[in-house]
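Structure for this input, please:
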Amino acid sequence: MEKKEKKVVTLYSDGSSLGNPGPGGWGTILEFKGKQKELSGKELDTTNNRMELTAVIRGLQALKEPCNVEVVTDSSYVANAINSWLKGWIAKDFKKVKNVDLWQEYLEASKAHNIKATWVRGHSGHPQNERCDTLATTQAQKAKKEI
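Numbering: from 1, shown residues only. Next up is the predicted model:
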């Protein structure tokens, strides 16, 4: 049986928090062969790092089959954790790690995929990062109105 090549997907993500903690939002763009799918959401009481990570998790959860995923984020926290820190955190059973619930959700969502993270400077004109920022900020503003 021929082994099927995994699809290559780029997952752009950003999070926003109005106050830290405060109302927040996240935005994700999934890109495959030039086609894009946008996702976004909000939480009433959260932090910026939680929204940055939620954006990645929701994007991964939207994938319908195992993929090679490049996560493009302006969060050095998320990029460093995915590329380096996570193995050590798992080894020490997440002792003294913040957002354990989300990192465990990330591990579950990422199991089927090969993932690498790429950090980009925020607010530097990167089109997809700027769009994710707009999605996240819009959701955070909606959350603020609900409070």
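
which residue packs closest to residue 76, ignoring adjacent ones?
Distances taken as Cβ to Cβ, 6 or more residues apart in numbering put residue 119 closest to residue 76, at 5.6 Å, once the chain neighbours are dropped. Placement of C-beta: from N, CA and C, glycine included.

which phi and psi does that neighbour have?
The phi/psi pair for residue 119 (degrees, to the nearest 10) reads phi -90, psi 140.

Which helix or which strand is home to residue 44?
strand 35-46 (DSSP states H and E).

List of residues touching that strand?
Strand 35-46 has contacts (Cβ atoms under 8 Å, 6 or more residues apart in numbering) with 17, 21-30, 50-51, 54, 58-59, 62, 131, 135-136, 138-140, 142-143, 146-147.

Mind pulling the model confidence for the residue nearest to residue 76?
Per-residue confidence (pLDDT) for residue 119: 98.

Dump the C-alpha coordinates for stretch 37-49 into CSV.
C-alpha atoms of stretch 37-49 as CSV (Å, rounded to 0.1, in the frame of the first residue of the first chain):
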residue,chain,number,x,y,z
LYS,A,37,-10.1,29.5,6.1
GLU,A,38,-10.6,32.1,8.9
LEU,A,39,-11.6,31.2,12.4
SER,A,40,-11.9,33.4,15.5
GLY,A,41,-13.4,33.5,18.9
LYS,A,42,-13.5,35.3,22.3
GLU,A,43,-13.4,34.8,26.0
LEU,A,44,-14.6,37.2,28.7
ASP,A,45,-11.7,36.8,31.1
THR,A,46,-8.4,35.6,29.8
THR,A,47,-4.7,36.6,29.1
ASN,A,48,-2.9,37.4,25.9
ASN,A,49,-0.8,34.2,26.1
